[in-house]
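1. kindly generate the corresponding structure for this input.
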Amino acid sequence: MLGAYLPIIVLVVVAAMFGLVSVTMSSLIGPKKPSALKLSPYESGCEPVGTARERFSVKFYLIAMLFILFDIEAVFLYPWAVVFKSFINAGAGAFIFGEMLVFIVILFVGYIYVWKKGALEWE
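-> Numbers count the residues shown, from 1 in each chain. Okay, the predicted model is just below:
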């Protein structure tokens with residue numbers, strides 16, 4: 001039974017060893033010329049503004065969660081589109097299409113609800 005898992009175990013070991021060897025070798029042979037400028041924090045090459053301990057509005061997290069929610073829902077459309085032709089050939093194309101329309105309508109109603117509640121307004 002262990003033989004079935006052997007390729008997975010080998011892959012995990014090789015991946016872990018690659019990571020460890022890469023980090024070790026870069027720390028051993030990499031250039032070491034620290035300076036005040038190199039050790040300072042930066043944000044996209046700009047001077048940092050404020051502290052790293054600033055509080056973010058709950059609105060920021062709400063918009064981020066809504067983006068993830070609607071993004072994941074959109075991802076479900078791709079597998080459906082891939083297998084839709086096989087459902088048409090099996091004779092269930094109209095039913096499956098109707099189900100996807102229901103899914104999109106529910107998603108759209110949720111989007112309209114969030115929009116009307118003002119959750120997408122950035123102030």
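
2. for the rest of this, base every contact and every neighbour count on C-alpha atoms.
-> OK.

3. now whatever helix or strand residue 78 lives in: buried residues?
-> Element membership of residue 78, judged by DSSP states H and E, is helix 77-90. Neighbour-count burial for helix 77-90, counted by 16 or more other CA atoms under 10 Å, picks out residue 84.

4. how near is residue 91 to residue 103?
-> Noted for residue 91: a distance of 20 Å to residue 103, by CA to CA, to the nearest Å.

5. which one's more surrounded, the two?
-> residue 103 (15 against 11; other CA atoms under 10 Å).

6. for the helix holding residue 78, what is the average pLDDT?
-> Average pLDDT, helix 77-90: 87.

7. and the very next helix or strand once past that helix, what's buried?
-> Downstream of helix 77-90, the first helix or strand assigned by DSSP H and E is helix 93-117. By 16+ other CA under 10 Å, the buried positions in helix 93-117 come out as 97, 100, 107, 111.

8. assign a three-state SS to residue 49, would you?
-> coil (DSSP: H, G, I helix; E, B strand; the rest coil).

9. pLDDT at it, what is it?
-> pLDDT, residue 49: 73.

10. any idea how far residue 109 is from it?
-> 40 Å.

11. also residue 10?
-> If you go by CA to CA, the gap between residue 10 and residue 109 works out to 48 Å.

12. what sits against residue 87?
-> 93, 96 (CA atoms under 8 Å, 6 or more residues apart in numbering).

13. cutoff 7 Å now
-> For residue 87, the contact set (CA atoms under 7 Å, 6 or more residues apart in numbering) comprises residue 93.

14. next SSE downstream of the worst-scoring helix or strand of the chain on mean pLDDT?
-> Averaged element by element with mean pLDDT, DSSP states H and E, the chain has its least confident helix or strand at helix 36-39 (a mean of 76). Sequence-wise, the next helix or strand downstream of helix 36-39 (DSSP H and E) is helix 58-75.
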